[in-house]
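Asks: any chance you can model this:
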Amino acid sequence: PTELLMREKQEDAAEVAAAVITYCFCSGGMLVINKIAVSHTPSPALVTLCQFASCTVLVYGGKLTGLLRTDEFEWRKVK
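Replies: Now for the predicted structure:
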């Protein structure tokens, strides 16, 4: 039983480490891509608007399909 528990803890630790490393690469990649897109576009605000719009559509779509769990929208949180 203790060997099984130790193996599960090691697998959990490996999974967390993989998630952190993947997040770092994705975050760094998005930062570079965003910088390039904003620098090479005559209207950086348009790039930002497109990013916000696509993020909104993806998150809301994920919520509607049941792939994501999100809090309900509350105006008092927006203010």
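
Asks: run a quick neighbour tally on V47.
Replies: 16 (other Cβ atoms under 10 Å). The way it works is simple: take the backbone N, C-alpha and C, and place the C-beta from them, glycine included.

Asks: check which helix or strand covers it.
Replies: helix 44-65 (DSSP states H and E).

Asks: right, and the helix or strand after that helix?
Replies: Immediately after helix 44-65, counting by DSSP H and E, sits helix 75-78.

Asks: how far off centre is that following helix?
Replies: Helix 75-78 has its C-alpha centroid displaced from the chain centroid by 22 Å (Cα atoms, centre = their mean, to the nearest Å).

Asks: circling back: who touches the helix holding V47?
Replies: 34, 37-38, 41, 68-70 (Cβ atoms under 8 Å, 6 or more residues apart in numbering).

Asks: mind picking the two most distant members of the residues you listed?
Replies: T41 and R69 (34.2 Å; Cβ to Cβ).

Asks: those two - which one has more neighbours?
Replies: It is T41, of T41 and R69, that has more neighbours when counted by other Cβ under 10 Å, with 13 against 7.

Asks: and the more buried one, what pLDDT?
Replies: T41 is assigned a pLDDT of 87 by the prediction.

Asks: helix or strand: which one has it?
Replies: If you go by DSSP H and E, T41 is not part of any helix or strand.

Asks: can you pull the contacts of it?
Replies: V47.

Asks: quick one: it from Q51, how far?
Replies: As for T41, its distance to Q51 is 12 Å (criterion: Cβ to Cβ, to the nearest Å).

Asks: and what of I21?
Replies: 24 Å.

Asks: so between the two, which is more surrounded?
Replies: Set I21 next to Q51 and count neighbours by other Cβ under 10 Å: Q51 wins out with 14 against 10.

Asks: what's the distance between that one and R7?
Replies: 42 Å.
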